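Trainee: Take this sequence and fold it.
(chains A and B, ligands or ions: 2)
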Amino acid sequence: MAKNQVRPSALPKWQDCEFGNILPYAGGAKEYKTGDWRTDRPIVDASKCIKCGMCWLMCPDACIVQTEGGTYDANLFYCKGCGICAQICPKDAITMVEEGA
Amino acid sequence: MSKRVVLEASHAVAEAVRMADVDIVAAYPITPQTHIPERLAEMVADGDLDAAYVPVESEHSAMSCVLGSAAVGARSFTTTASQGLVLMHEALYIASSHRYPIVMAICNRALSAPINIWCDHSDVMACRDTGWIQVFCQNNQESFDMTLWAFRVGEDPDVMFPVMVNLDGFILSHVTEPLILPDQDDVSRFIPEYHYRLALDPAKPTSHGCFGLPDIYTEVKYSQELALRKSRSVIDKGWKEFSNIFGREYKAVETYKAEGASTLLVTMGSLGETAKMVIDERRANGEAVGHLNLRLWRPFPFDEFRDAVKDVKTLAVLDRCYSFGGPGGPVASELRSALYNQETRPHVVGFIGGIGGREVDAQAFGYMIDRANEITEKGSDDLYEPLLVRGLESGTGVRG
Ligand code: SF4
Ligand code: SF4
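Mentor: Ligands and ions are numbered 1, 2, ... in the order given. Alright, predicted model coming up:
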């Protein structure tokens, strides 16, 4: 018999899919690591940051967080590396650096 | 007590929706469906139906609205036709993928252009693959009955799929016929109270509309496909229960005088009644002809269809829709593909006609039988036969 070329995986089989793809709980996105979609990573130079919060406001993933010192930084668990924060920053405090570089 | 009344199919559908005790109706009026939402709006305004009536600003909104109401577990109804149905298109997939048992009556009508408000099946055929259960009605009683049945089957815990009830625009929607309205107690017995276990509820949160990345989408869609096919047993059980309570019998594939027939006329929807009249005449003349009514279109009833035609030589199939540049009308193409791998199979001759309200009368059905028999005997390279097109001599088919 011809063998179906399914790759081994720990992901759900079709039998284990949620009914209607509806999850019986809320907040699933919290556990979902979108950080590994990223090719470029934002690096904040806190010494240039004037705490204007523009990056926080514009991040489409809402993953910029304020640090204890009042400056801002990206939560890399979620950051998708779009670069909008670096574009919007009025002080060029954010640089996009290639992952792994 | 059941009672005999005289109603157009639109009002019969509205009665069924009222007796099914829906929680919400969201609809946008469009010819020839208008009488359904109008009557339901009256019922709500008069206090005869305890439901929310949402006069939405478009059909896309109508479908989006019932997606929301279905998500909180409300029994939800909408209705449309033609351009309205195709405007809903993207939202139709959400209903079936989320497994929301919405019921929608469609008063089948042609699609623009040219603009045309009359009957054909182009609207629903464009939605063939949206994952909804799809049935067709032949008359007003059936329009009432199928609407009740749609709630019963769609909401069954082993189904949970939305259902399209197709009734021919004008030919049924606006035509007055006698029919039997059942007793409310019987209807309530047939359609049990609906409880949706995944309803949106802040006290017990659930997540609807989740992402499906390439690593899961394949499995999710496969499970949806199998679930729709599995609904077949409940679909039949629903008709069985219906006949036990109300006495009228329905099947996925219905045959008429098909015993010993070598040729069958195949129709969907109201034209089945004209076809049966022609069969009566031909049978009286001693011809071995019969009729096949395809009631259930999705999920397609492969076994019943193959069984019904296994001893037949010729199928004369009427499509009320074009598949431009394709292998012929959608119905004939599917029937052909359902039969292709069978050892013995009838010759399928497809006809495309009855579009945009063009009448298909007894004479036309007579021609279909004769022409189909002729093609079975002599063979033909044509993909299908255009019906009643001015400028064509009889028997001028279309080739690839
Ligand atoms: S790169 Fe994009 S996603 Fe990442 S922190 Fe900046 S704006 Fe947000
Ligand atoms: S936009 Fe630039 S300056 Fe403003 S808070 Fe963000 S990093 Fe600091």
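
Trainee: contacts, neighbours, all on C-alpha from now
Mentor: OK.

Trainee: Can you pull the phi/psi pair for the spatially closest residue to residue B:232 that is not a sequence neighbour?
Mentor: Excluding the flanking residues, the one nearest residue B:232 by C-alpha to C-alpha, 6 or more residues apart in numbering or on different chains is residue B:299, at 7.0 Å. When read as degrees, to the nearest 10, the backbone of residue B:299 gives phi -70, psi 140.

Trainee: Residue A:43: what's it in contact with?
Mentor: Taking C-alpha atoms under 8 Å, 6 or more residues apart in numbering or on different chains, we find residue A:43 in contact with A:73, A:94-97.

Trainee: of all those residues, which comes closest to residue B:249?
Mentor: Nearest to residue B:249 out of the contacts of residue A:43 is residue A:73 (C-alpha to C-alpha; 68.2 Å).

Trainee: I figured the closest one hits residue A:64, correct?
Mentor: Yes. Counting by C-alpha atoms under 8 Å, residue A:64 is a contact partner of residue A:73 at 5.5 Å.

Trainee: number of nearby residues for whichever residue of the stretch 301-400 of chain B sits closest to chain A?
Mentor: Closest residue of the stretch 301-400 of chain B to chain A, C-alpha to the nearest C-alpha: residue B:341 (20.5 Å). Residue B:341: 9 surrounding residues under other C-alpha atoms under 10 Å in any protein chain shown.

Trainee: How much space separates it from residue B:372?
Mentor: Going from residue B:341 to residue B:372 by C-alpha to C-alpha, to the nearest Å gives 21 Å.

Trainee: Could you list the residues of chain A in contact with chain B?
Mentor: By the rule C-alpha under 8 Å from any C-alpha of the partner chain, the part of chain A lying against chain B is A:11-15, A:17, A:19-28.

Trainee: And the buried ones among those, selectable in PyMOL?
Mentor: A single PyMOL command selects the buried members of the residues of chain A next to chain B (16 or more other C-alpha atoms under 10 Å in any protein chain shown):
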select buried, chain A and resi 14+17+19+20+21+22+23+24
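
Trainee: Among the residues of chain A next to chain B, name the ones that also lie close to ligand 2.
Mentor: Filtering these for proximity to ligand 2 by C-alpha under 6 Å from any ligand atom leaves nothing.

Trainee: Helices - which of the residues of chain A next to chain B land there?
Mentor: In helices, defined here by DSSP state H, there are no members of the residues of chain A next to chain B.

Trainee: from what I can see residue B:120 touches residue B:110, true?
Mentor: Yes. Shown here, residue B:120 and residue B:110 form a contact pair, counting by C-alpha under 8 Å, at 5.1 Å.

Trainee: Which neighbours do these two have in common?
Mentor: Listed as contacting both residue B:120 and residue B:110 by C-alpha under 8 Å, 6+ apart are B:355-357.

Trainee: Go through these and name the one nearest ligand 2.
Mentor: Taking C-alpha to the nearest ligand atom as the measure, ligand 2 lies nearest residue B:356 of these, at 60.0 Å.

Trainee: Distance of that closest one relative to residue B:235?
Mentor: 31 Å.

Trainee: tell me the SS of residue 49?
Mentor: By default, I'm working from chain A. At residue A:49, secondary structure determined by DSSP: H, G, I helix; E, B strand; the rest coil is coil.

Trainee: How about it, nearest residue that isn't a chain neighbour?
Mentor: Counting by C-alpha to C-alpha, 6+ apart, residue A:49 lies nearest to residue A:93, which is 5.7 Å off, once chain neighbours are set aside.
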